[in-house]
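>>> Next come a sequence and a model predicted from it.
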Amino acid sequence: MGSFSIWHWLIVLVVVLLLFGRGKIPELMGDMAKGIKSFKKGMSDDEAEDAKTVEHRNDEAVNSTKEKASKS
């Protein structure tokens, strides 16, 4: 009762194929792959922006210190 046999999985597969058809499943998987790729690209872009922001803040701190020293 607790585990599914091969027959249960075959019935589920047939039902899925009847609902979505043969052409829809590869299309859905392709859309999912595109989504994953764009998510990874977005994450790497965010990391690159964070690195730039940290460098920018360091430059501002150095520049503001230099400006304060030159004004004194």
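Perfect, thanks for sending it.
>>> Give me the distance between Phe39 and Glu47.
Applying CB to CB, to the nearest Å, the value for Phe39 to Glu47 is 13 Å. (C-beta placed from N, C-alpha, C; glycine too.)
>>> That should have said Arg22, apologies.
Where Glu47 is concerned, Arg22 sits at a distance of 39 Å (CB to CB).
>>> what kind of secondary structure is Phe4 in?
coil (DSSP: H, G, I helix; E, B strand; the rest coil).
>>> number of nearby residues for His8?
By other CB atoms under 10 Å, the residues close to His8 number 10.
>>> Which pLDDT value belongs to it?
Confidence at His8, expressed as pLDDT, is 93.
>>> residues contacting it?
If you count contacts by CB atoms under 8 Å, 6 or more residues apart in numbering, His8 has none.
>>> now it: how far from Val15?
For His8 relative to Val15 (CB to CB), the value is 11 Å.
>>> same question, Ile25
13 Å.
>>> List the buried residues of stretch 33-46.
Residues of stretch 33-46 classed as buried by neighbour count (16 or more other CB atoms under 10 Å): none.
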